[in-house]
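# Build me a model:
(2 chains)
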Amino acid sequence: MKPTPSFAHALRALEELKQAAVVEDYAVAGAMALVFWTEPIPTYDLDVLVFLPHQETSLVSLGTIYQWATARGYAVDGEHVIIAGLPVQFLPAHNELADEAIGTAATLEYEGIPVRVVRPEYLVALYLEPSARTPKRRERAAALIEAAATDRGLVEQLIQRFGLEP
Amino acid sequence: MTQRPRARPTPELLARLHQAKAELHARRSRMPLKEKVAMVLELQRIYLPLLARHRPLASWERPWDVEP
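Numbering: from 1, shown residues only, chains lettered A, B, ... in the order given. Sure thing, here's the model as predicted:
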């Protein structure tokens, strides 16, 4: 009988994705990133912001990630890649805020596996983007602002610099 | 029908309740990562059946078959 994979397996796969140069860099975002900074909330997928290597076309394609997944035996379900039992959604950095969120991500450890995680201040800013604003995300932003790890001054700076509405 | 005035909690009691809630959130935030992931898995098992009552679930919306 195959042993049940662990959450760490999925995180190790993300590191492998980077080592294989399928992505230049990555950072866990979304609700699973919150787990690293504040209290856990229910979520059903793992959001991963990625820098894709330079592509000749101006249209971003996740094809290389899907090829990597298929070669490793990971199923693709719509926009998700199922890695070690977890639906993982890869989100190419869509603007400068996302670029900075990946660039400044913290390298943390989970069960000995290094994992890049978007810092709480950038998670707040990403949740406050007009395209992302929903009552649920505003609530998450509010919880993050209260977190001990969050530098509120930096949140203010990001809100100003990226023209976000608090 | 005349209604008797309802008894209300004192500001002190409300403050204690709010304080207790804040402490609960803080305790959960400080939990070891592995315990937090275990809690996410538990929350999935609790919330997904409730969510399914409100809308059809996507194919990927299911409890993760992983150990924390």
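
# residue ranges with poor pLDDT in chain B?
Applying pLDDT under 70 to chain B flags the ranges B:1.

# Close to chain A: what parts of it are there?
By CB under 8 Å from any CB of the partner chain, the part of chain B that sits against chain A consists of B:25-26, B:28-29, B:31, B:33-34, B:36-37, B:39-40, B:43-44, B:46-48, B:58-62, B:64-68. In short, each C-beta sits where N, CA and C put it, glycine included.

# What subset of those is buried?
Among the residues of chain B next to chain A, those classed as buried by 16 or more other CB atoms under 10 Å in any protein chain shown are B:29, B:33, B:36-37, B:39-40, B:43-44, B:47, B:60-61, B:64, B:66-68.

# Next step: those residues restricted to helices.
In helices, defined here by DSSP state H, the members of these are B:29, B:33, B:36, B:37, B:39, B:40, B:43, B:44, B:47.

# quick one, helices of chain A?
A:7-19, A:30-37, A:63-71, A:96-103, A:120-127, A:135-146, A:152-161.

# follow-up on the earlier one: which pair of the ones in helices among the buried ones among the residues of chain B next to chain A spans the longest distance?
Taking CB to CB as the measure, those reach their widest spread between B:33 and B:47, a distance of 20.5 Å.

# What is the burial count for residue A:48?
Under the neighbour criterion other CB atoms under 10 Å in any protein chain shown, residue A:48 is assigned a count of 26.

# ok, now which ones touch residue 34?
Chain wasn't specified; assuming chain A. The contact partners of residue A:34, by CB atoms under 8 Å, 6 or more residues apart in numbering or on different chains, come to A:40, A:41, A:123, A:140, A:143, A:144.

# that's the wrong chain, I meant chain B
The contact partners of residue B:34, taken as CB under 8 Å, 6+ apart, are A:110, A:111, B:68.

# mind listing what's buried in stretch A:139-149?
A:140, A:141, A:143, A:144, A:147.

# Stretch A:61-70 too?
So for stretch A:61-70, counting by 16+ other CB under 10 Å, buried means A:62, A:64, A:65, A:68, A:69.

# what sits against the residue nearest to residue A:104 when sequence neighbours are not counted?
Once flanking residues are discounted, residue A:104 sits nearest to residue A:119: 5.8 Å by CB to CB, 6 or more residues apart in numbering or on different chains. Shown in contact with residue A:119 (CB under 8 Å, 6+ apart): A:37, A:101, A:104, A:105, A:106.

# From residue A:154, how far out is the fourth one?
Using CB to CB, to the nearest Å, residue A:105 is found at 14 Å from residue A:154.

# Comparing these two, which residue is more hemmed in?
Between residue A:105 and residue A:154, counted using other CB under 10 Å, the more crowded position is residue A:105 (21 against 16).

# That one contacts residue A:116, doesn't it?
Yes: if you go by CB atoms under 8 Å, residue A:105 and residue A:116 touch, sitting 4.3 Å apart.

# Could you tell me which residues touch both of those two?
Common neighbours of residue A:105 and residue A:116 (CB under 8 Å, 6+ apart) are A:25, A:27, A:28.

# Buried members of these into ChimeraX, please.
Selection command for ChimeraX covering only the buried members of the shared contacts of residue A:105 and residue A:116, criterion 16+ other CB under 10 Å:
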select /A:27,28
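
# thinking again about what came up before, give me the subset of the contacts of residue A:34 touching chain B.
Restricting the contacts of residue A:34 to those near chain B by CB under 8 Å from any CB leaves A:40, A:41, A:143.
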